[in-house]
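Chemist: Could you work out the structure for the sequence below:
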Amino acid sequence: MYAFFDVDGTLLSLRSMISFHAFYCRQEYRPKGLGSLRTAGLVTRLGVAAQLGRDRLFLNQAFYRSFRGWTQASVRARAEEWFESIKRREGLWLTPVRRALEERKAQGYLPVFVSGSLDEILVPVARELGVADCLATRLVLQDGRYTGEIEGPQMIGQGKADALRTFLAEREALASECFAYGDHFTDVPMLEAVGHPVAVVGHARLAEHAHQRGWECLAT
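Modeler: Below is the predicted model of the structure:
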């Protein structure tokens with residue numbers, strides 16, 4: 001039996017992608033102020049695109065193109081440093097959801113991350129929580145460097161549900177016995193793919209949908 005968890009906004013109060021990007025740029029680019037400006041500029045451009053009506057699939061793809069030329073080895077190393085720098089930060093964890101993860105583990109469920117964040121970024125987060133499997137974004141590599149393009153379907157919306165179903169099929173596990181936790185309306189396909197969906201309340205549209213469906217809701 002499995003319990004699937006979105007990460008950003010569900011288990012973590014911050015957006016791991018943006019937080020890591022800012023940390024990486026501060027460490028890799030000199031002077032440090034230049035690194036901070038790179039992330040700030042990227043976030044501003046994505047914000048403008050969102051206001052113009054671009055969906056999350058477009059924004060996610062645009063974000064990861066900023067990784068073009070970065071080496072996987074450097075990202076892995078910086079991810080460890082990044083998480084070490086934030087893991088004791090007050091308010092980092094959304095306590096009710098982290099408690100739910102521990103409760104599911106105690107009941108025999110195996111927790112799985114399902115996230116649009118980069119797999120390499122989430123490795124230390126998963127290790128901290130004892131999560132062995134992570135269905136997350138992977139980027140195309142060429143000679144150990146990211147091309148900036150996403151490998152396979154995006155881990156947003158229907159992509160999360162498809163990845164979850166493939167994961168369960170490979171393990172011959174029943175979706176009806178599984179839990180899933182998500183905090184955004186784009187998580188609905190993933191939540192609908194299991195027998196026990198849990199809406200982490202915070203997004204009004206998701207809360208309304210969960211109420212209509214009679215889903216369990218978890219306030220943070």
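Chemist: mind listing what's buried in the helix or strand residue 21 falls within?
Modeler: Residue 21 belongs to helix 16-28 when assigned by DSSP states H and E. Neighbour-count burial for helix 16-28, counted by 16 or more other C-beta atoms under 10 Å, picks out 16-26. Any C-beta I mention is one placed from the backbone N, CA and C, and that applies to glycine too.
Chemist: pLDDT on it, on average?
Modeler: Per-residue pLDDT over helix 16-28 has a mean of 90.
Chemist: Could you list the alpha-carbon positions for it in CSV?
Modeler: Coordinates of each C-alpha in helix 16-28 appear next as CSV, following Å, rounded to 0.1, in the frame of the first residue of the first chain:
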residue,chain,number,x,y,z
SER,A,16,11.7,23.9,-3.4
MET,A,17,12.4,24.7,-7.0
ILE,A,18,12.6,28.5,-6.4
SER,A,19,14.4,28.2,-3.1
PHE,A,20,17.0,25.9,-4.5
HIS,A,21,17.5,28.0,-7.6
ALA,A,22,18.2,31.0,-5.5
PHE,A,23,20.7,29.1,-3.3
TYR,A,24,22.4,27.5,-6.3
CYS,A,25,22.9,30.9,-8.0
ARG,A,26,24.2,32.6,-4.9
GLN,A,27,26.8,29.8,-4.6
GLU,A,28,27.8,29.4,-8.2
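Chemist: which residues touch that helix?
Modeler: 7-8, 32, 34-36, 38-39, 42-43, 63, 66, 70, 74-75, 78-79, 81-82, 85-86, 115-118, 121-122, 125 (C-beta atoms under 8 Å, 6 or more residues apart in numbering).
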